[in-house]
Every structure is written in C-alpha cells, then in structure tokens.
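A.B. asks: pasting the sequence and the predicted model now:
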Amino acid sequence: MKETVVEEPKSKAPKPAGGEVVLPQLGFFGMVRWAWRQLTSMRTALFLLLLLAVGAVPGSLFPQRSSAPAEVTQYLKDNPGSGPIMDWFKLFDVYSSPWFAAIYLLLFTSLIGCVIPRAKIHWKAMRSAPPRTPKRLSRLAEYGTVTIPAANAIDAETAVKDAAAALKQRGYRVDVRDLDTDRPSVGAEIGFLKEVGNLLFHTAMIGVLAAIAYSGLFGYSGQRVLVEGETFVNTLSSYDTFTPGTNFSDDTLEPYSAQLERLVVKYDRSTEAHYGQPLDFNATLKVKDGTDAEAETKTLKVNEPVGIGGTNIYLVGNGYAPVVTVKDGEGNVSFQGPVITIPTDGAYTSLVVIKVPDAKPNQLGFVGFFLPTALVDEKGVAFGSDPDPFNPQLNLNAYTGDLGLDGGVPRNVYTLDTSTLTEINSRNLDAGGIVLAPGQSYDLPGDNGSISFDGIKRFAALDIRHDPGQVYVLVFAVLALAGLIASLFFNRRRVWVRTGNHPDGRTMVEFGLLARGEDHRLAGEYIAINKALHSKWLVPLEDAEQNGEQTPAVTENSAPGDTPATKDQ
C-alpha cells in the first residue's frame, strides 16, 4: 500500500522574526472604541468626579468676575505678574471656563456610558433563570440538610415544590427544574435591588448634574440691601449686584415688589454668659406678587426664605443705617437719608462712609464709625458695648476735595480713598472729630456746610435667587440617597435545593447558599431558611442543627444505602 502523506496547511499570515508576537493594529475605529471604554469605566467616572471637585476650588479661593468684578480688577492691579497668567487660565471665571465645562461634560458622558450598559445587563439577568444547580452543594459557603421521615409521605417532587414555595415566601425568585428525574432541584435568587439601587444612584447623579446645569443656564441671583421703609422691585436696576445665568433673559424676571417694613433683632438678656448675643432676626415684608396683586405681609427669618415670583428671598445680614443730612457751604441740602454701615463686631461697631459729590463749592466725604451703645474709656476713646441702641453715637472725620466719582472708574460705595483729599475734621486737628448723638448737628470748619444725625433705621441684606432646578436637585438627591441605601443594605444571594428519595422511604433534602460578594448576613439567612424548611415539613429541628452541625444527605455521586458526604468532607 502506498503511504499517504498529509501536509499541514500553510498559514497565510507572515511569521514574525525571532518568534515575537505581533499585535494587530487597532485602527481608527478600534482606537475610538478603546477610548470610549476607558471613558465609560467606573474608575474614570470617579476620577472625573474628584477632578470636578478639585477644579471648583479656585472658584472659592479667588474672586470671580461674575459676582465680584471690582475685586477681580483690584486683584489684577495688585498682582501685575501672576494676575494676567491666572486670568488666561480662567481662574477668575472658573464656572464658565472651557476646562471646567469639559470636566463637567466628560463626567456627564462617563456616567451615562456606565449606567446604560449596566442597566441592559441587569435587565437580562433579572429576566433569566437562576444558574444551574451545582453538583456538590456541600462546597458552597453555607450548606445544610433536612431528612423528611417516611411517615410524612412527601416524595422528592413534592418536597422540591414545597421548598420553592418556602423560598418564594422569603422573596426569592425561584426556578423548579429536573422534575422528571429522581433528583429534582430548585434554584433561587434574591437581591436584585442591590444592583437596582446602584443603578438608581448613578442615574440620580446624572439627574443632579443635569438639574444643576439647568439652573446655571436659566437661573439668576442678586443682592440688595433694604433699609426700613424702602421697597425692592424685581427689575435689573433694583439690584445692587446681579449674576445672570448663561441663557438669562429679562423676561425671566417676574414683576413683584417687597417692602421692608421693620427689622427686629432679639438679643439674649437672661443669661450672663451669652448676654447680648443675637437670638432671632425677624424681618417683616409687605409683598405684592404682580402689579395688580393685593399686598401681603410675610415674615422673613434666617434659613426661612420668602418665596415670591419664582424666587426665594433670603435674609443674609443686617445692621444699622444712621439717617443724616448734609448741607454744603451754600446752605443747600446735598445729601439726606440713611447710610448703610458695615458691622465689625458683636456690639455692632459699624464702619461709616458718606460721599457727597454734589456739595458746593467743595465735594465732601466722611469716614468714621457708628456705635449703638457708646461708652468712653479713661483715655477719652469711645467704644461699643452693646448691640442695642441704648446710647447711639456717630463718630466721623470730614474731608474735602475730588472724591473721584466723575472719572468713570467704578468705586466701592463702602470705602473712601482719602489719599488725595484734605482732612478738615479729626482728633489730630484743632477742629477735632465729629461726635454726634441723635438730633444733634455739627458745623464743618471753613464754611463747608454742616452735618446732622437725624435718627436710626435698620437695614436687611437680602439674597434673591431664582433656581429653576432646585426642586429637581432635591428629588434626584433623595433618589441617590435611596439608591445608595439599597446598594449598601441589600445583598445578592443564591440558594439551591436538591431532593431525592431514599430506599427506606425517607426523602433526603440538601440546600446550599452562596453570596455574590461579601455578605456577613449569609449565615443568618442560612439559619432562617433551615428553620423554614423544617417547619414546612413538620420536621423537628435537632439541637445539633441549631448549633450549626449538618445532617447527612444524598449527594450527586452517592448510591442508595451509602453514607453521603457532608460539608466537612
């Protein structure tokens, strides 16, 4: 016979020199697929979340142009070297910078890319049957057996159905299998809410980010200081400072008004240790929600905002506003009204700045402090001793000259640059400083006019916010918390029960439990299932079983009459 030689087929792929493995090139679409998988990994999502928190830090450390443009201008002036570099990196416009928006959008995309595939996988897992019954249940983390006496007349098929019913009562999803064999079994699974909670948490985080973005686009915030008797109207010109959203429109401002009728501050007068400390701030507002609406009285307190016209009005500060009248050298009233002061301590010692650019022939400026309750020490220096106006006193220094308000450069209303002004009143001059009590007046030297202290009013610093995504943030935050709780307190478990008939008429049952991940409560679940099965078949629970010892049962490879293997074997 001829010997037939079969040649091996030659590979068309070139063999690498030296036996080295040559990896296939990914190509453009392969690189895109690889980049997408990296972006949508949970590790990348956590890194982007951390990066977003770190990126927001400069917004708290440096003044932001949207809320404090004057401070940004001053910072650039004081730091001519580093200021422009920081401005180039948008550190004064952090929340509207391209790099912050890139982090935000990448995090948003990463979370969506994480959630959608996991949701699909979890949906398939919930619809699929529990895994097949293992051959050796004794190798599982928790293992137990039950022997049903022949007198109970329960065969293997009935026993497996009873076990399925018992597990179903405990919330398991069950699948009875192999009923046509002599070894029927049931597979059960529970704990799908753990992954549902995990998915809910990440989906809610996406919702929180979307709601915050919605507020940033269509919301706005502003501040206004109101003196008792003054009225705020919700128009752009009525705000002291205003920060609009990216897509803000004037049509967003709902027409309403709020008048500050009275501000009452209650101080502690009953305890010596906390004497004079504020206990309650109570502002009475008369609001009109619309041009034709009826006036309504509302109470504004700290952490208890007043909602009107789609905005929330918050009480964020308060102080005194002395009412003064300034007459110039020609005898005309150049300034009259309350002056907002800045409190500096618990006794409401407050800084005062008064600018009178309309005074003639010389502009006038005043710098000093207001004391609600003034006391004088042995050196003749006045100081504040109590926040209530028991002995109010106004102490001022007067200046003349160009106040710098006509040059078009923005100036802080609460500060006065005196470097180019002429001082006409102070303790260091012969004329002395200006010290006034309510109802008193003072004639300025050099025929520069006079100033009088007419009375005291209080002011309230208001923060007005329109946050259309606020409710959605709350809803998604609650959902995220619920999802986190579910992912922490629910555990994914699987239970298998196998039954078989013994030649002597007994029905042998074995069951095993397995947890997916760490589950310190699995042993407790084993005890509960063990008791439930014994109770189902009215089999007394032996003391040995209560102590964790196992009863022999029929295993996959045992023959009738053999001694079956236990967990320890």
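C.D. replies: Okay, I see it. This is a predicted model, so every value here is computed, not measured. Residues are numbered from 1 along each chain as shown.

A.B. asks: and Gln277, how far is that from Asp388?
C.D. replies: Between Gln277 and Asp388 the distance is 12 Å, computed by CB to CB, to the nearest Å. The way it works is simple: take the backbone N, C-alpha and C, and place the C-beta from them, glycine included.

A.B. asks: repeat that for Leu533.
C.D. replies: For Leu533, the distance to Asp388 - CB to CB - is 76 Å.

A.B. asks: which helix runs longest in the protein?
C.D. replies: helix 98-127 (DSSP state H).

A.B. asks: my guess is Leu416 contacts Val353. True?
C.D. replies: Yes. Contact status for Leu416 versus Val353: in contact at 5.0 Å, counting by CB atoms under 8 Å.

A.B. asks: okay, and the common contacts of the two?
C.D. replies: Contact with both Leu416 and Val353 is made by residues Gly365, Val367, according to CB atoms under 8 Å, 6 or more residues apart in numbering.

A.B. asks: next one, pLDDT for the closest residue to Pro244 other than its chain neighbours please.
C.D. replies: Distances taken as CB to CB, 6 or more residues apart in numbering place Tyr220 nearest to Pro244, at 4.7 Å, with adjacent residues excluded. Listed pLDDT for Tyr220 reads 89.

A.B. asks: list the contacts for Tyr220?
C.D. replies: Applying CB under 8 Å, 6+ apart, the residues near Tyr220 are Phe242, Thr243, Pro244, Gly245, Phe248, Thr252, Arg465, His466.

A.B. asks: could you pull up phi and psi at the fourth one?
C.D. replies: Read it as Gly245. phi -80, psi 170 (degrees, to the nearest 10).

A.B. asks: which residues does it contact?
C.D. replies: So Gly245 contacts Ser215, Gly216, Leu217, Phe218, Gly219, Tyr220 (CB under 8 Å, 6+ apart).

A.B. asks: highest neighbour count among the residues you listed?
C.D. replies: When neighbours are counted by other CB atoms under 10 Å, Gly219 leads the contacts of Gly245 with 23 neighbours.

A.B. asks: output the contacts of Tyr220 in a markdown table; the columns should cover pLDDT.
C.D. replies: Conversion of those to a markdown table gives the following (pLDDT from 0 to 100):
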| residue | pLDDT |
| --- | --- |
| Phe242 | 86 |
| Thr243 | 83 |
| Pro244 | 84 |
| Gly245 | 82 |
| Phe248 | 82 |
| Thr252 | 80 |
| Arg465 | 91 |
| His466 | 91 |
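
A.B. asks: show me where pLDDT drops low in the protein?
C.D. replies: 1-19, 23, 66-67, 407-408, 410, 542-569 (pLDDT under 70).

A.B. asks: can you list the residue ranges for helices in it?
C.D. replies: Secondary structure of the chain (DSSP H): helices at 27-39, 42-55, 57-61, 69-78, 82-88, 98-127, 156-169, 192-218, 470-489, 522-536, 543-546.

A.B. asks: mind listing what's buried in the third one?
C.D. replies: Read it as helix 57-61. Pro58, Gly59 (16 or more other CB atoms under 10 Å).

A.B. asks: got the CA positions of it in CSV?
C.D. replies: Taking Å, rounded to 0.1, in the frame of the first residue of the first chain, the C-alpha atoms of helix 57-61 are listed here in CSV:
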residue,chain,number,x,y,z
VAL,A,57,-11.5,75.0,44.5
PRO,A,58,-10.2,78.1,42.6
GLY,A,59,-13.7,79.5,42.5
SER,A,60,-13.6,79.7,46.3
LEU,A,61,-10.0,80.9,46.6
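
A.B. asks: any idea which residue is closest to the centre of the chain?
C.D. replies: Nearest to the mean C-alpha position of the chain, by CA atoms, centre = their mean, lies Ala477 at 7.9 Å.

A.B. asks: distance of it from Leu49?
C.D. replies: To Leu49, Ala477 is 15 Å away according to CB to CB.

A.B. asks: cool, Pro184 as well?
C.D. replies: Counting by CB to CB, the gap between Pro184 and Leu49 amounts to 49 Å.

A.B. asks: over to His534?
C.D. replies: His534 is 49 Å from Leu49, by CB to CB.

A.B. asks: ok, back up a step: which residues do Gln277 and Asp388 both contact?
C.D. replies: Taking CB under 8 Å, 6+ apart as the criterion, Gln277 and Asp388 both touch Tyr267.

A.B. asks: ok, how many other residues are close to Pro134?
C.D. replies: Around Pro134 there are 17 residues (other CB under 10 Å).

A.B. asks: what sits against it?
C.D. replies: Counting by CB under 8 Å, 6+ apart, Pro134 makes contact with Leu140, Trp496, Gly512.

A.B. asks: closest one of the residues you listed to Glu157?
C.D. replies: Glu157 has its nearest neighbour among the contacts of Pro134 in Trp496, at 16.3 Å by CB to CB.

A.B. asks: hang on, the earlier thing: save the contacts of Pro134 as CSV, and put in distance to Pro322 and neighbour count too.
C.D. replies: As requested, the contacts of Pro134 are exported to CSV (distance: CB to CB, whole Å; neighbours: other CB atoms under 10 Å):
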residue, distance to Pro322, neighbour count
Leu140, 82, 20
Trp496, 83, 23
Gly512, 83, 23
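
A.B. asks: mind putting the residues you listed into a markdown table with distance to Gly433?
C.D. replies: Listed next are the contacts of Pro134 as a markdown table, based on distance: CB to CB, whole Å:
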| residue | distance to Gly433 |
| --- | --- |
| Leu140 | 89 |
| Trp496 | 92 |
| Gly512 | 91 |
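
A.B. asks: was I right to think the residue nearest to the centre of the chain contacts Val208?
C.D. replies: Yes. Counting by CB under 8 Å, Val208 is a contact partner of Ala477 at 6.1 Å.

A.B. asks: just to revisit the earlier point, the inter-axis angle of the longest helix of the chain versus helix 192-218?
C.D. replies: Computed with axes from the mean of the first three to the mean of the last three CA atoms, to 10 degrees, the direction of helix 98-127 lies at 150 degrees from that of helix 192-218.

A.B. asks: mind starting the numbering at 289 from now?
C.D. replies: OK, 289 is where the count begins now, so the last one is helix 386-415.

A.B. asks: just checking, what packs against helix 386-415?
C.D. replies: When contacts are defined as 3 or more CB pairs under 8 Å, 6 or more residues apart in numbering; DSSP states H and E, helix 386-415 sits against helix 315-327, helix 330-343, helix 480-506.

A.B. asks: next one: it to chain centre, how far?
C.D. replies: Centroid separation for helix 386-415 versus its chain: 20 Å, with CA atoms, centre = their mean, to the nearest Å.

A.B. asks: mind listing what's buried along it?
C.D. replies: 388, 391-392, 394-399, 401-403, 406, 410.

A.B. asks: stretch 788-806 too?
C.D. replies: 788-790, 794-803.

A.B. asks: tell me which of those residues fall in strands.
C.D. replies: Judged by DSSP state E, the buried residues of stretch 788-806 include Gly788, Asn789, Thr795, Met796, Val797, Glu798, Phe799, Gly800, Leu801, Leu802, Ala803 as members of strands.

A.B. asks: and which of those is nearest to Leu551?
C.D. replies: Of all those, Ala803 has the smallest distance to Leu551: 60.9 Å, by CB to CB.

A.B. asks: any idea what that closest one is bridged to?
C.D. replies: Arg781 (DSSP bridges).

A.B. asks: contacting residues around it?
C.D. replies: Shown in contact with Ala803 (CB under 8 Å, 6+ apart): Ala429, Asn779, Arg780, Arg781, Arg782, Leu810.

A.B. asks: change it to 7 Å
C.D. replies: Contact analysis of Ala803 by CB atoms under 7 Å, 6 or more residues apart in numbering lists Ala429, Asn779, Arg780, Arg781, Leu810.

A.B. asks: likewise Phe316?
C.D. replies: With CB under 7 Å, 6+ apart, Phe316 has no contacts at all.

A.B. asks: columns distance to Glu618 on top of the helices and strands packed on helix 386-415, output as a markdown table?
C.D. replies: Shown next, in a markdown table, are the helices and strands packed on helix 386-415 (distance: least, CB to CB, whole Å):
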| stretch | distance to Glu618 |
| --- | --- |
| helix 315-327 | 73 |
| helix 330-343 | 58 |
| helix 480-506 | 52 |
